[in-house]
Structures are given as C-alpha cells and as structure tokens.
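> model this:
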Amino acid sequence: MAVENCSHDEEAGLLTGKISSCSKSKCWFQILLASVSVVLVISVISWYPSFGGRFIQSTNKKGSIIISKSLDNNPLHFAVVGDWGRKGAYNQSWVAAQMDKIGQGQKFSFLISAGDNFYENGLSGIEDPLFEESFSNVYTGENLQKPWFAVLGNHDYHGDVLAQLDSALVLRDSRWHCGREYQLLHQLESSAHGGSYVEFFFIDTVPFVDEYWQTYHKPMDWRGLLPREEHLVQKLQVLSKALESSVATWKIVVGHHPIYSEGSHGDTVELIERLLPILNTQKADLYVNGHDHCLEHIKREDSSINFITSGGGSKAWKGMKPTPNKNGVKLYYDGQGFTTFTVTSTHLHISYFDVYGSVIHEVDLYK
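Numbers count the residues shown, from 1 in each chain. A predicted model of the protein is given here:
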C-alpha cells in the first residue's frame, strides 16, 4: 500500500421546591412528575457506556456537558488524532490500523479527536451515512473500541453542528461523545488524602476565529452561539474557573485550533490573545490540538505549557507557514500520524507516531 501524498485542502432538575397549598389531585400530579424526573436522571447516569469505568453525564444551566470518570488505572494510556474524517481515504485507514496496533500494547482507556471529524462539510444530520463511513467503518480495530471524546473543528461547522452533539449518534456507535465544552476527570491513584488525577478540559475554539464570521467566508452553523461576544466571554469564564478549582496533578486542555503552530495555518492570534493568558495563569500543563495537518511539539521559553499538535489523521503534507519562526519548536513532522500519552501521578510521556507506526519524537514531563 502506497502512502498518498497531497498538498492542497479546503478549509463545526429534579423538580425542586415544595408543595404548599394545593388540591389533593394536584399534589399527587406533582409527586408523580417528580418521580418520573428521578427515573429520568437515573437513566441518564446509567445510560452512558461504562467501558470498564464509571461515566456520569450531566448538563448545567448553560448547557455545558461534564463527563467524569472515576477509576483506578495507573498508568493511564490514551491516543489523540485530529483531522481524519475522509471515508478512510488519504491514509485515514492506514493511520487507524497503526493506532490499533499501538493500542494493543498500550491498552488505551479512551481516544481523543482534535476536531474536523467529518470532511468536507461536517454531517448533514443525525442520519448522515458519513458517520459510519468515516468513523464506525474505519476505526474497527479491537483496541479502538473505547470511548472517543471529540471537539468540533471548522469543517464540522460547515454542516449540521447540532447533529454531532446529538445523543442519537451514541445509539449508532456507543463510542461517540462530542460536546462544545466539557471535562473528563480520571483518577490515577487513590489515597486517604484524595489521590491524584489527570483532568481534561475540552473547548470549542471555532467561534474564536474572526475569519469564520466574515461575509466572504463559507457559511458556518452558528446556532446557539449568538451573540458571539457574550458566548466567548462566558466560555472563557467557565474554563478559567474550572482550571482554577481543579485539584488534578495534570491539566490538559484540548481544542481544535493551535495556539502556536509552524504549519500552513500558523498561529491562531485570537487564541494567543484570549485563551493563552488563562492557560498560563491557571497553570495548564498541555494544550492539545489539530487543524494543521501535521505533528508538532512546541515548548516556548515564555510559557510553561507544552503545545501538542496531532492533526495527522488523514490528508497531510501541506507544508509550513510562509515565514516560520521556529520559536521553541521541538518537532515539526509534515505528514500523517497520531500521538499517544501515558500518564502517572509523577510522569507524563508522549509518543509521536508517523503513518508507518514508527516513533518519531518523545516527550517526558515530571511532577
């Protein structure tokens, strides 16, 4: 099988309160309604597949979904791949096969998608066959049958964004989970003092990019995000508070767009201005992204954060930006591949794999 080389690409309560004075029939109705609500809440908690752990899904008043996982599993292994959904083409299937092969040894607990899940224009609806053609029918390996936690990319916004967020997709493939903003908490060790954790903070970066809002740009599905500035302010406030209150040993933030990148898209200035200061202040350890179709590791002197690009899930070889500055660049691989992570309470190890499944770069961080 030959590796395909391409150079061009176009650029998604319980009822609370008290019963005071009411008729007997009305009281019984409220009691019945409250009982139904209890059953629904229990069903939501039990519905999400366990995959050997315990997942709890809840929705707050702003609609942000929080997923928490509580399970002793030290070390934790997971993989990240972005920019993949092309019905297996452009070596998507080959990358998937290599991920499965590596997963046999690493025993992934879950996988993370860094966005641009379905090319070129996202999903057309919850019944779009592209979901199976680009996801279920490609990532068929035994070691990839784990939860997939996804963020949205700009290509996903060209279609029906709400379809990717709909729980109906979970009925089509129980591995799938996608949200605008959510958290994933994984226990590494338990102790009398609470143990140690790694916490993931998933954020939708697409609305930050000014270009997508211009009239000349291809239409985007902005439902639920207007007014824009109010949405962005609320999003950043929620993330800042979540990072600040986290007791995790490792804090990993996942979004689609890079903060810094030497790839063809380059830095995302809106994220440098608005997101990066929060990540620095709240001491995030990693920012993980896709968007540029390459593999990168950047560690600049002016930030304690390691910037990890894992956007090599399918179409790649797009070249570097016109004027690369190479500030803090430890790796730039202009091709297909993926990354894997091994996390303990004191050590975080990242391996970069190319399309052939060979390790091309490694990162070791310690606490």
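> mind listing what residue 310 touches?
When contacts are counted by C-beta atoms under 8 Å, 6 or more residues apart in numbering, residue 310 is found next to 80-82, 114, 288-290, 295, 337-339, 352. Every residue, glycine included, has its C-beta placed from N, CA and C.
> wait, I meant residue 126
For residue 126, the contact set (C-beta under 8 Å, 6+ apart) comprises 160, 163, 166, 168-169.
> save these as CSV, and put in secondary structure, pLDDT and distance to residue 193 too.
Output for the contacts of residue 126, formatted as CSV (DSSP: H, G, I helix; E, B strand; the rest coil; pLDDT from 0 to 100; distance: C-beta to C-beta, whole Å):
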residue, secondary structure, pLDDT, distance to residue 193
160, coil, 98, 46
163, helix, 98, 44
166, coil, 97, 40
168, helix, 97, 42
169, helix, 98, 39
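> next, residue 215: secondary structure please.
Secondary structure for residue 215, judged by DSSP: H, G, I helix; E, B strand; the rest coil, is coil.
> need the pLDDT of it.
Looking at residue 215, its pLDDT is 93.
> rewinding a little: which of the contacts of residue 126 count as buried?
Among the contacts of residue 126, those classed as buried by neighbour count (16 or more other C-beta atoms under 10 Å) are 160, 163, 166, 169.
> quick one: residue 245 from residue 255, how far?
20 Å (C-beta to C-beta, to the nearest Å).
> those two: who's more crowded?
Neighbour tally, residue 245 and residue 255, criterion other C-beta atoms under 10 Å: the higher count belongs to residue 255, 28 against 8.
> tell me the contacts of that one?
Taking C-beta under 8 Å, 6+ apart as the definition of contact, the neighbours of residue 255 are 114-115, 151, 202-205, 271, 275, 287-289.
> could you export the residues you listed as JSON lines, including distance to residue 238 and neighbour count?
Conversion of the contacts of residue 255 to JSON lines gives the following (distance: C-beta to C-beta, whole Å; neighbours: other C-beta atoms under 10 Å):
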{"residue": "114", "distance to residue 238": "20", "neighbour count": "30"}
{"residue": "115", "distance to residue 238": "19", "neighbour count": "32"}
{"residue": "151", "distance to residue 238": "15", "neighbour count": "31"}
{"residue": "202", "distance to residue 238": "12", "neighbour count": "29"}
{"residue": "203", "distance to residue 238": "9", "neighbour count": "25"}
{"residue": "204", "distance to residue 238": "12", "neighbour count": "26"}
{"residue": "205", "distance to residue 238": "14", "neighbour count": "25"}
{"residue": "271", "distance to residue 238": "16", "neighbour count": "21"}
{"residue": "275", "distance to residue 238": "12", "neighbour count": "25"}
{"residue": "287", "distance to residue 238": "17", "neighbour count": "26"}
{"residue": "288", "distance to residue 238": "19", "neighbour count": "24"}
{"residue": "289", "distance to residue 238": "19", "neighbour count": "30"}
